[in-house]
Structure formats: structure tokens, C-alpha cells
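**Q** mind looking at a prediction? Sequence and model below.
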Amino acid sequence: MQRLIRSPHKTFSAQAHWVRNCLTALFFCLPLYTQAYEDTVTKEVFEIPLYNTVGGQVIRQVRIGYESYGHLNASGDNAILICHFLTGTSHAAGKYRSTDPQAGYWDSIIGNGKPIDTSKYFVLSSDTLVNLGVGDPNVITTGPSSINPITNRPYGLTFPIVTIQDFVRVQKALADKLGIKKFVLVMGASMGAMQTLEWATDYPEMVERIIPVTSSGFESNAYLIQTLHNWSYPIIMDPAWNHGDYYGKRPPTRGLSQALAEVTLNSRSPSWAQKLFANRIAVEGQHPLMQWQNKYAIEDTFAQAAEARSKISDANHLLYLARAQQLFKAGNYADIQQAIEQVQSKALFISASSDLLFFPSYASSAVQQLKAAGKKARYIEIVGTGGNLEGITDIESVADEIRQFIAQ
């Protein structure tokens, strides 16, 4: 029999307690290691007084947060850009305070002497527009929860629909302000891979190399579009959502929590779930056969972790992020071949063998498309059972390949 951990409310197995800690870290986009980029990281703010969206609307007083590691050289050509995933932030490496329990999500490959070497390169990462984590004090973003300076009320669904291309255009404005002339590398996972390919398409002369990790390829297909809709649906069906008008009222926490649980489950794999949870029950002696409120370990763990993450997240922001990914088509060209023709950078696509969200075939097809157009592109896989999120949690397993690619 497994050793039990007692609590005032429930009795959990040691395994379930450990899994809950891991999943909480996952929902909060934290790595499970403590080694960190050596210098303390400072969050900075970038502002644009007036921004014209791809959809032809105007956003006033755009603010996003960013952080950087290393130093930009005088010619502004030693920069590397890291683009974050859907539930992520600009916190790619290091710690804000030395007492922080965890470092940024890709700390294992960013730092002095690491594959993305901060003794050589100026590494930049920014929060996107409509970033999910609006309740995180270290996140700075403009989106539906922001105050519309014209009405002095939260935007809600009056906030313009934004695209991956909008995310990249704001990043380009930030890069210009910082004096960046060229990126040695643009790299990102999942939604970050979309931004990476958008950069290679929109600003080809500025990007030398790209590493799209767990990529959808150059556009979102029908299967992904429906998956993203499924993530949005629990929010829309929560009565508290109130057509996006819930600021100052009870937020749609139930719908948001369920949506976050769906995002994470789809970002993993059946083998991962079976290995960690199997069909264990959440509380010994409380089998689901006996009462409706009794749960399996996976149900209970996901519910608690998602509820915790929902407290710093915003439901409308998740809807906007889902829509931005549905709309993704690099360069917004009518024919995706036109986008491929724009690319000048060398490309290294990294997939996860067990990814059931952005299937490895998406990235391998993109590599073949680039090669057919005479571009330089390679494909490698992270072999495991962790699903799409292995592009975040197991990036160190392909550290040597990343190092070699940057050196080419």
C-alpha cells in the first residue's frame, strides 16, 4: 500500500501529491528545475500610443512587458528573440528575485555558456498582446481586460480581434526602439512557433535563423481551428461570461478552469496521462462507484490545478488567443506558397514525437515545403510521451542540436 499524506480536508497518495505539484507548475508555466540564468531579471514596459491592427482597427495606449538577458552590441546584430506559447509569458529564463522557487521556462538553454549563450547574444522576450496571465504581477499586456481610454471602462469584447501578425508587429516596434537591426535567431514553441514563422515571412531580411518548436506549420488547419474552438466553448457556455461583460462582476471561473484543463490535456498524450495517473482514485476509500462527487486522481488534479491557474488568468484573453491562432496564416497571403517564398532564414523545426496538438507531420511538411522552394531547413524530434508540452519541458534534450544550428 502507498504511503499516505494526511491533510485537514483529504487524504492523498504520495504519488498524487507529487503529480499535483507538477501540474500546478505546468499550469503556471514554471519549469521543474531551479538552476537559473545567473543575473536577476528585470521586467520592462514598452508602450505604443496608437497601434493599427491587421483588421484595420485602432488600439490606444498599447503596453506590453518584456525582459532581456545579455547585452546588445553596438551594431545591433547579436540579438535573439524568444516568442512564448499560449499560456506562457516573456519569462523565458532567470529569476526576478533570487528567492524565486523556479526560473523561466527555457532557463535550461538560455544563459552564459548555454546553447543560447547570453555572453554572446542579447536575448529578448516579450509578453504578447492579450496575454492570458493578466493577474500575474509580472505580466504586462493590453487586451479585453484593459481600460479603454475613451470609455474609461474595460474593453471586453469591444477590444479589436488581433492576430499573430499583430503580436509580431508590436515585437518589431519594440525591437526598433531597442536598436535591434538583425536577429541571429527567432525561436518559440507552439503559439511561439507561429510568431517565429510570421517573423521569417514578414521581416525576412532581419531574421538569420528560425527554430519553430512544436509547430503548426505555416497556417492553422481545420482540425486545429476546431480544437481551439473546443477550448473556447466552456467559457462561452458559462453564464457568468455574459457575452464578455463580466468585469466588476463574478468572472466565468468555471468555464475558464475547464478550458484550461482542456488546453493542458490536449497538450499532453494518453501515454503521459496513463503513466502518471492510470485509473487511481483521488481519495482512498472514496471510489467513483460509490458517490458522484468521488473522483479519479487525474480529474481531481486537473480540476485543482486549473482552478489555481484561473485565478491569475482572464477568460476573454483566452478567447482572443484562441482566435489569433485560428486566424494564423503566415504573412496573410492568399496562397501559403507566397509566404514560403519570402523566407530567407535557415530553419530548424523541432517537434515532439507524441504531440497530438501540433502533430509532427505539420512541421515535417513545412520543412519539405521550404526545401522544395530551395530554402535551408531541417527537422528533428524530441522523443518521449509528454505531448506538445515537451517542447517546453524537455527542450534541453535537443540542446546540442540547437547549439550547433546557431553556430552554423
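**A** Everything's here; your move.

**Q** for residue 194, see how far away the nearest residue to residue 244 once chain neighbours are set aside is.
**A** Nearest non-adjacent residue to residue 244, counting by CB to CB, 6 or more residues apart in numbering: residue 157, 3.7 Å away. C-beta here means a position set from N, CA and C on the backbone, and glycine is covered the same way. Distance from residue 157 to residue 194, counting by CB to CB, to the nearest Å: 23 Å.

**Q** more neighbours: the two, which one.
**A** The neighbour count for residue 157 versus residue 194, taken as other CB atoms under 10 Å, is higher for residue 194 (32 against 12).

**Q** which neighbouring elements make contact with the helix or strand hosting that one?
**A** Residue 194 belongs to helix 191-202 when assigned by DSSP states H and E. Contact partners of helix 191-202 among helices and strands, from 3 or more CB pairs under 8 Å, 6 or more residues apart in numbering; DSSP states H and E: strand 79-83, helix 164-178, strand 183-189, strand 209-213, helix 315-326, helix 336-342.

**Q** now it: how far from the chain's centre is it?
**A** 13 Å (CA atoms, centre = their mean, to the nearest Å).

**Q** report the angle between that helix and strand 183-189.
**A** Going by axes from the mean of the first three to the mean of the last three CA atoms, to 10 degrees, helix 191-202 is angled at 140 degrees with respect to strand 183-189.

**Q** buried stuff in helix 191-202?
**A** Buried residues in helix 191-202, counting neighbours by 16 or more other CB atoms under 10 Å, are found at 191, 192, 193, 194, 195, 196, 197, 198, 199, 200, 201, 202.

**Q** backbone phi and psi for the residue nearest to residue 244, please?
**A** Here is the backbone geometry of residue 157 (degrees, to the nearest 10): phi -80, psi 0.

**Q** from memory it sits against residue 320, does it?
**A** No - the pair residue 157 / residue 320 is not scored as a contact, 9.1 Å apart, by CB atoms under 8 Å.

**Q** state the distance from the residue nearest to residue 244 to residue 232.
**A** Counting by CB to CB - residue 157 and residue 232 are separated by 12 Å.

**Q** quote the end-to-end distance of stretch 146-159.
**A** Stretch 146-159 has its terminal residues 9 Å apart, counting by CA to CA, to the nearest Å.

**Q** what comes into contact with it?
**A** 59-61, 63, 130, 143-145, 243-248, 316, 320 (CB atoms under 8 Å, 6 or more residues apart in numbering).

**Q** before we move on, what about stretch 396-408?
**A** Applying CB under 8 Å, 6+ apart, the set of residues contacting stretch 396-408 is 108-109, 114-116, 184-185, 209, 211, 346, 348, 350, 378, 380, 382, 384, 395.

**Q** and the residue nearest to the spatial centre of the chain, its phi and psi?
**A** Nearest residue to the geometric centre of the chain (CA atoms, centre = their mean): residue 85, 1.3 Å. Reported as degrees, to the nearest 10, the phi and psi values for residue 85 are phi -80, psi 180.

**Q** and the closest residue to it other than its chain neighbours, how many neighbours?
**A** Nearest residue to residue 85 in three dimensions, chain neighbours excluded: residue 190, at 4.2 Å (CB to CB, 6+ apart). Counted by other CB under 10 Å, the residues lying close to residue 190 total 28.

**Q** isn't residue 190 right up against residue 213?
**A** Yes - using CB under 8 Å, residue 190 is in contact with residue 213, at 7.3 Å.

**Q** what touches both of the two?
**A** Any residue near both residue 190 and residue 213 by CB under 8 Å, 6+ apart counts here, and that gives residue 391.

**Q** against residue 103, how distant is residue 226?
**A** Distance check for residue 226 against residue 103: by CB to CB, it reads 35 Å.

**Q** which one of the two is surrounded by more residues?
**A** The residue with more neighbours, out of residue 226 and residue 103, is residue 103; 24 against 10, by other CB under 10 Å.

**Q** using the three-state scheme, assign the more buried one.
**A** Assigned with DSSP: H, G, I helix; E, B strand; the rest coil, residue 103 falls in the coil class.

**Q** mind pulling the model confidence for it?
**A** Per-residue confidence (pLDDT) for residue 103: 95.

**Q** that one - nearest residue in space that isn't next to it in sequence?
**A** Of all residues not flanking residue 103 in the chain, residue 36 sits nearest, at 3.6 Å (CB to CB, 6+ apart).

**Q** please apply the same query to residue 53.
**A** Leaving aside its chain neighbours, residue 53 sits nearest to residue 160 (4.9 Å; criterion: CB to CB, 6+ apart).

**Q** ok, of the buried residues of helix 191-202, which one's closest to residue 366?
**A** Residue 366 lies nearest to residue 197 out of those, by CB to CB, at 7.9 Å.
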